[in-house]
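> Sequence first, predicted model second:
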Amino acid sequence: MKTTLDIHDELLARAKRRARETGRPLRALVEDGLRRVLEPSPLRPRYTLPDLRAGDPEAADPLERYTWPELRELIYGDPGTR
């Protein structure tokens, strides 16, 4: 299939030079470049957060004895005083 592309002059000159150096037609060079860009990206491994816990992992959780409303009050204070 034929198409028309607007390519920056310097980029086209570099592509023509590379095609000439490799003995390939410009069309093949452009097709190879498009194939590389359109290949699916390899999946990167998921990021795992580092374990930055402090203290004794076997110790009881000091927050377990609180309810959510109690924790909220401890953190933010009494909502009626704002």
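Received the coordinates, thanks. Numbering: from 1, shown residues only.

> pretty sure Pro25 is touching Lys16, no?
No. Judged on Cβ atoms under 8 Å, Pro25 makes no contact with Lys16 at a distance of 10.2 Å. In this view, the C-beta of every residue, glycine as well, is placed from N, C-alpha and C.

> Output the lowest mean pLDDT helix or strand found in this structure.
helix 68-76 (a mean of 91; mean pLDDT, DSSP states H and E).

> From the chain's centroid, how far away is that one?
Centroid separation for helix 68-76 versus its chain: 36 Å, with Cα atoms, centre = their mean, to the nearest Å.

> and if you look at stretch 58-78?
On Cα atoms, centre = their mean, the centre of stretch 58-78 falls 36 Å from the chain's centre.

> Could I have the CA atoms of it written out in PDB?
Output in PDB follows, covering the C-alpha atoms of stretch 58-78 (Å, rounded to 0.1, in the frame of the first residue of the first chain):
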ATOM      1  CA  GLU A  58       5.200 -11.300  67.200                       C
ATOM      2  CA  ALA A  59       3.900  -8.500  69.600                       C
ATOM      3  CA  ALA A  60       0.200  -7.800  70.000                       C
ATOM      4  CA  ASP A  61      -1.200  -5.000  67.800                       C
ATOM      5  CA  PRO A  62      -1.600  -2.000  70.100                       C
ATOM      6  CA  LEU A  63      -4.400  -0.600  67.900                       C
ATOM      7  CA  GLU A  64      -6.600  -3.700  68.000                       C
ATOM      8  CA  ARG A  65      -8.300  -2.600  71.200                       C
ATOM      9  CA  TYR A  66      -9.700   0.600  69.500                       C
ATOM     10  CA  THR A  67     -12.800   0.900  67.300                       C
ATOM     11  CA  TRP A  68     -12.600   3.000  64.100                       C
ATOM     12  CA  PRO A  69     -14.400   5.900  65.700                       C
ATOM     13  CA  GLU A  70     -12.000   5.900  68.600                       C
ATOM     14  CA  LEU A  71      -9.000   5.700  66.300                       C
ATOM     15  CA  ARG A  72     -10.400   8.600  64.200                       C
ATOM     16  CA  GLU A  73     -10.800  10.700  67.400                       C
ATOM     17  CA  LEU A  74      -7.200   9.800  68.500                       C
ATOM     18  CA  ILE A  75      -5.800  10.800  65.100                       C
ATOM     19  CA  TYR A  76      -8.000  13.900  64.300                       C
ATOM     20  CA  GLY A  77      -9.200  15.000  67.700                       C
ATOM     21  CA  ASP A  78     -12.800  15.700  68.700                       C
END
